[in-house]
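Engineer: Return atomic coordinates for the entry below.
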Amino acid sequence: MKVTEIEISYTPSISTNPIIRSSMDAYNELIKFYEPSTIALQEKFTAMYLNNANRVLGVYELSKGGITGTLVDIRLLLSVALKVAATGIILCHNHPSGNLNPSVNDIEITKRIKEAAKILEIKLLDHLIISVEGHLSLMEEGMI
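Structural biologist: Reported below is the predicted structural model:
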């Protein structure tokens with residue numbers, strides 16, 4: 001049995017991707033990943049991955065749930081960050097109810113993700129809650 005050599009290649013094509021400078025910039029990009037026909041029906045959790053210049057590497061849909069919640073697998077969230085060599089993450093999920101206030105669970109999962117990402121030297125830059133009413137930034141609200 002022969003062990004093969006591992007080769008790493010990294011050639012992202014991101015030169016035209018947006019740079020995120022504010023929660024509004026993040027919201028304007030992330031809202032494109034939420035269907036207008038289901039944003040008030042079904043909760044969805046996405047993550048935006050950024051490089052060290054805050055240029056978007058990509059957005060990944062982590063989960064779709066029901067009317068009142070969805071699950072987030074922190075291992076999957078961070079494995080994608082490692083695969084794309086991200087140095088920053090912006091989390092986003094919608095509240096079908098339209099209420100932009102974070103739940104206790106929203107705050108708890110954000111703290112857990114921040115701590116796990118810190119070990120990998122990946123910064124949790126923000127967590128947006130969005131609805132048909134607009135968005136709320138946990139960073140701007142001092143919750144991160």
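Engineer: who does the residue nearest the centre of the chain bridge with?
Structural biologist: Closest residue to the average C-alpha location of the chain: Ala47 at 1.9 Å, with CA atoms, centre = their mean. Applying DSSP bridges to Ala47 gives these bridge partners: Tyr60, Leu91.
Engineer: so it touches Gly58, yeah?
Structural biologist: No: Ala47 is not in contact with Gly58 according to CB atoms under 8 Å; the separation is 9.2 Å. For glycine as for every other residue, the C-beta is placed from the backbone atoms N, C-alpha and C.
Engineer: in the lengthiest helix in the chain, what's buried?
Structural biologist: In the chain, with assignment by DSSP state H, the single longest helix is helix 104-119. For helix 104-119, a neighbour-count test (16 or more other CB atoms under 10 Å) marks 106, 109-110, 113-114, 117 as buried.
Engineer: Tell me which residues are up against it.
Structural biologist: Applying CB atoms under 8 Å, 6 or more residues apart in numbering, the contact partners of helix 104-119 are 69, 72, 74, 77-78, 81, 89, 91, 93, 102, 123-124, 127, 129, 138, 143-144.
Engineer: do that again at 6 Å, thanks
Structural biologist: Helix 104-119 has contacts (CB atoms under 6 Å, 6 or more residues apart in numbering) with 72, 74, 124, 127.
Engineer: Also stretch 57-65?
Structural biologist: Identification of contacts with stretch 57-65 by CB under 6 Å, 6+ apart yields 14, 33, 43-49, 51, 70-72, 77, 80, 84, 86.
Engineer: which of these count as buried?
Structural biologist: Using 16+ other CB under 10 Å as the burial test, these include 43-49, 51, 72, 77, 80, 86 as buried.
Engineer: what's the farthest-apart pair in those residues?
Structural biologist: Put simply, by CB to CB the two of the buried ones among the contacts of stretch 57-65 set farthest apart are Glu43 and Asn51, 28.2 Å from each other.
Engineer: if we can go back for a sec, of the contacts of stretch 57-65, which belong to helices?
Structural biologist: 77, 80.
Engineer: ranges for the strands of the chain?
Structural biologist: 44-50, 56-64, 88-94, 123-131, 134-137 (DSSP state E).
Engineer: Now distance to Glu29 and mean pLDDT too, for the ones you listed, in CSV please.
Structural biologist: As requested, those are arranged in CSV below (distance: least, CB to CB, whole Å; pLDDT from 0 to 100):
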stretch, distance to Glu29, mean pLDDT
strand 44-50, 7, 98
strand 56-64, 6, 96
strand 88-94, 9, 98
strand 123-131, 10, 97
strand 134-137, 12, 97
